[in-house]
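Trainee: sharing a sequence plus its predicted fold:
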There are 2 protein chains.
Amino acid sequence: MSGRRAAILEAATRVIARDGVRGLRVEEIAAEAGVSTSLLYYHFKDRAGLLARTLDFVNSRSEHYTAPEVDADADPRGHLTEMLLLELQDTPLVVETSRVWGELRASAVFQPELREQLNATTARWAEYASELISRAQERGRVAAHVSPDDAADRLCALVEGLSERWLSGSLSLQRARDLLRGGIAAELGEP
Amino acid sequence: MSGRRAAILEAATRVIARDGVRGLRVEEIAAEAGVSTSLLYYHFKDRAGLLARTLDFVNSRSEHYTAPEVDADADPRGHLTEMLLLELQDTPLVVETSRVWGELRASAVFQPELREQLNATTARWAEYASELISRAQERGRVAAHVSPDDAADRLCALVEGLSERWLSGSLSLQRARDLLRGGIAAELGEP
DNA sequence: GATTCCCGACTGAAATTTCAGTCAGCTTCT
DNA sequence: AGAAGCTGACTGAAATTTCAGTCGGGAATC
């Protein structure tokens, strides 16, 4: 596989993160990647295919940048907190991923064919959070009456809601982070 | 001012709710409204202008359909709960408004000029929720340690997050509503 | 020499925008 | 009263722009 293929995916990610999928022109992605438009059709079936692959790419990439410093085994609750707060950071990679993710979520409302990959990632996230909550609960770091699945779903939805509010300028980053910390406390009980 | 202008805005709302702003064609709106495309250019400067006015329109309209049955003075907490649950309903008006609102929120990430109206509505919502929480707190229906502003911001963000997940097929309506009820309990304490 | 990778130049269709002009009704002047 | 002049609402058709997608062929690599 050629390196250009990856370059195209990276370029597409950058362009989507900058302008959204609304006005996405394949010509622009080609320019950003420094290749001809024809090459996009060589590597990907069509515009929709390129889009789908780009979304895959962003998804898989985002599973790696989740690297909290707190050990999951030693302190599951601290690990969860860090993991969630990682989504609310002003670093290029996080911002880029979040903006693209927001577009994917919004697009899926009107394009059911995008939902499968969206749901897969959404579910994986919530499962992981739920698992951490369960483990924390076993160690008494989370109140016993809490339902791990419910709390996990809500916290994930909250993070996404806060992230979108931050990116759309309704909330400062600092406030979003504070709100998330408070939300974790409200959901899991004071630590 | 002619009634056709309003008809166009209503048609545009319907079309955006159905297809999103991505594939928005002015010809389609004209057809939906039963007028010529030229009329859209007569009443609105251009495609972007029409879009902006439509978003205004939806925004102002959404401030009216909030009509819980529970009296705000008698039972502020119940009123808040109903108000938030109103956003998670499978009725045409709610679905239409929510889908368009989602588009507005997502679009504002890339178009700062949309943010002003978005933020105004967002803030008004949170303020109202905060006020209800304060009143409920005075009556001992909400735990004393809760910060009304924080809880209100989080609950609003949670509703939006859940709504988007519901509309994009990541969550059933029933589950979204259950999660919201649980979230209210977690934020405000068991009633 | 065949396969893989890649480009420039095009095409066709679709969508936006412009424009000249119609029509109904309202005002003003005589 | 009625003619003349004016305006806002509206349309059909044509001009313009925008884009996804194609085609034929060139260069590198195996």
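Mentor: Structure's in. What do you need?
Trainee: the longest helix along chain A packs against which elements?
Mentor: Ranked by residue count and defined by DSSP state H, the top helix of chain A is helix A:115-138. Applying 3 or more CB pairs under 8 Å, 6 or more residues apart in numbering or on different chains; DSSP states H and E, one finds that helix A:115-138 contacts helix A:47-62, helix A:76-85, helix A:92-108, helix A:148-167. For glycine as for every other residue, the C-beta is placed from the backbone atoms N, C-alpha and C.
Trainee: just want the angle from that helix to helix A:148-167.
Mentor: Interaxial angle, helix A:115-138 versus helix A:148-167 (axes from the mean of the first three to the mean of the last three CA atoms, to 10 degrees): 120 degrees.
Trainee: okay, now whichever residue of chain A sits closest to chain B: neighbour count?
Mentor: When scored by CB to the nearest CB, chain A has A:G161 as its residue closest to chain B, at 3.2 Å. Residue crowding around A:G161 was assessed by other CB atoms under 10 Å in any protein chain shown; the count is 28.
Trainee: what's near enough to touch it?
Mentor: Contacts for A:G161 were tallied using CB atoms under 8 Å, 6 or more residues apart in numbering or on different chains; they are B:A157, B:L158, B:V159, B:E160, B:G161, B:E164.
Trainee: kindly recompute the last result at 6 Å.
Mentor: B:A157, B:L158, B:E160, B:G161 (CB atoms under 6 Å, 6 or more residues apart in numbering or on different chains).
Trainee: mind giving me the domain split of chain A?
Mentor: Structurally, chain A divides into domains by automatic domain parsing as follows: A:3-54, A:63-188.
Trainee: including distance to B:V70 and mean pLDDT, could those go into JSON lines?
Mentor: What follows is the domains of chain A, written out as JSON lines (distance: least, CB to CB, whole Å; pLDDT from 0 to 100):
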{"stretch": "domain A:3-54", "distance to B:V70": "39", "mean pLDDT": "93"}
{"stretch": "domain A:63-188", "distance to B:V70": "23", "mean pLDDT": "94"}
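Trainee: hang on, the earlier thing: quick one, which of the helices and strands packed on helix A:115-138 is packed in tightest?
Mentor: Here the criterion is mean neighbour count by mean count of other CB atoms under 10 Å in any protein chain shown, and of the helices and strands packed on helix A:115-138 the winner is helix A:148-167, at a mean of 25.
Trainee: next one: it to chain centre, how far?
Mentor: Between the mean C-alpha point of helix A:148-167 and the mean C-alpha point of its chain there is a distance of 11 Å (CA atoms, centre = their mean, to the nearest Å).
Trainee: show me which residues of the longest helix of chain A are buried.
Mentor: When burial is assessed from 16 or more other CB atoms under 10 Å in any protein chain shown, helix A:115-138 yields the following buried residues: A:115, A:118-119, A:121-122, A:125-126, A:128-137.
Trainee: quick one: that helix to helix A:76-85, angle?
Mentor: Orientation of helix A:115-138 against helix A:76-85 (the same axes, to 10 degrees) gives an angle of 150 degrees.
Trainee: chain center to helix A:115-138, what's the gap?
Mentor: How far helix A:115-138 lies from its chain's middle: 13 Å, per CA atoms, centre = their mean.
Trainee: hey, C-alpha coordinates of it in CSV?
Mentor: Listed next in CSV are the C-alpha coordinates belonging to helix A:115-138 (Å, rounded to 0.1, in the frame of the first residue of the first chain):
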residue,chain,number,x,y,z
ARG,A,115,-24.7,4.6,11.8
GLU,A,116,-23.0,1.3,12.0
GLN,A,117,-19.5,2.5,12.5
LEU,A,118,-20.8,5.3,14.7
ASN,A,119,-22.6,2.9,17.0
ALA,A,120,-19.7,0.5,17.2
THR,A,121,-17.4,3.1,18.5
THR,A,122,-20.0,4.7,20.7
ALA,A,123,-20.7,1.3,22.3
ARG,A,124,-17.1,0.4,22.7
TRP,A,125,-16.5,3.6,24.6
ALA,A,126,-19.5,3.1,26.9
GLU,A,127,-18.5,-0.5,27.6
TYR,A,128,-15.0,0.5,28.6
ALA,A,129,-16.3,3.2,30.9
SER,A,130,-18.8,0.8,32.4
GLU,A,131,-16.1,-1.7,33.1
LEU,A,132,-14.0,0.9,34.9
ILE,A,133,-17.0,2.0,37.0
SER,A,134,-17.7,-1.7,37.9
ARG,A,135,-14.1,-2.2,39.0
ALA,A,136,-14.1,1.1,41.0
GLN,A,137,-17.3,0.0,42.6
GLU,A,138,-15.8,-3.3,43.7
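Trainee: what parts of chain A come near DNA strand D?
Mentor: Proximity of chain A to DNA strand D, by CB under 7 Å from any atom of the strand, involves residues A:G23, A:L24, A:R25, A:V26, A:E27, A:T37, A:S38, A:Y41, A:D46, A:R47, A:A48.
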